[in-house]
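S.K.: need a 3D model of the following:
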Amino acid sequence: MKNFVVKTIANAGALAVAVWLLDKITLTGSSTGKKAWTLILVALVFGVVNFLVKPILKVLTFPLFILTLGLFTLVVNALMLLLTSWLADKLDLSFHVEGFWTAVLGGLIISIVSWALHVVLPDED
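M.R.: Numbering: from 1, shown residues only. This is a model prediction of the structure:
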């Protein structure tokens, strides 16, 4: 359970950095507390999307991973971020990613920040 909480906090932190750096990734709310709560919920959705959909998509696009020497990972991460944005809209969460190229850059930022946070944060159950 502790590992799940740490990963969710790391995802929330990575999403917060992407929202802070990119104007076309938006998180709105009336107060800081509401924004933080929304960010945690979006991080949960992002974690579920990455857990359920990403492995299936990686298997289906395996030849593209080999052909591009792994650079197709950027596209897959962008699609996961766009799917998270779509699901957040359906769940009435105020998180939005505008456009594919913003999602590519956002996915890259989220990957780097979450990797760094996973190095720093404890990873034990």
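
S.K.: elements contacting the worst-scoring helix or strand of the chain on mean pLDDT?
M.R.: Across the helices and strands of the chain, mean confidence by mean pLDDT, DSSP states H and E is lowest for helix 2-21: a mean of 89. Taking 3 or more Cβ pairs under 8 Å, 6 or more residues apart in numbering; DSSP states H and E as contact, the helices and strands that helix 2-21 lies on are strand 25-27, helix 32-52, helix 100-120. Quick note: C-beta positions are derived from backbone N, CA and C, even for glycine.

S.K.: gap between it and the chain center?
M.R.: Offset of helix 2-21 from its chain centre (Cα atoms, centre = their mean, to the nearest Å): 8 Å.

S.K.: who wins for proximity to residue 6 among the helices and strands packed on helix 2-21?
M.R.: With Cβ to Cβ as the criterion, residue 6 lies closest to helix 100-120 of the helices and strands packed on helix 2-21, at 8.1 Å.

S.K.: return the set of buried residues in that closest one.
M.R.: Within helix 100-120, the residues that count as buried by 16 or more other Cβ atoms under 10 Å are 102, 103, 104, 105, 106, 107, 108, 109, 110, 113, 114, 117.

S.K.: can you redo those as JSON lines with distance to residue 67 and pLDDT?
M.R.: JSON lines is the format used below for those (distance: Cβ to Cβ, whole Å; pLDDT from 0 to 100):
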{"residue": "102", "distance to residue 67": "25", "pLDDT": "96"}
{"residue": "103", "distance to residue 67": "21", "pLDDT": "96"}
{"residue": "104", "distance to residue 67": "18", "pLDDT": "96"}
{"residue": "105", "distance to residue 67": "22", "pLDDT": "97"}
{"residue": "106", "distance to residue 67": "24", "pLDDT": "95"}
{"residue": "107", "distance to residue 67": "19", "pLDDT": "94"}
{"residue": "108", "distance to residue 67": "20", "pLDDT": "95"}
{"residue": "109", "distance to residue 67": "25", "pLDDT": "95"}
{"residue": "110", "distance to residue 67": "24", "pLDDT": "93"}
{"residue": "113", "distance to residue 67": "28", "pLDDT": "93"}
{"residue": "114", "distance to residue 67": "26", "pLDDT": "87"}
{"residue": "117", "distance to residue 67": "31", "pLDDT": "86"}
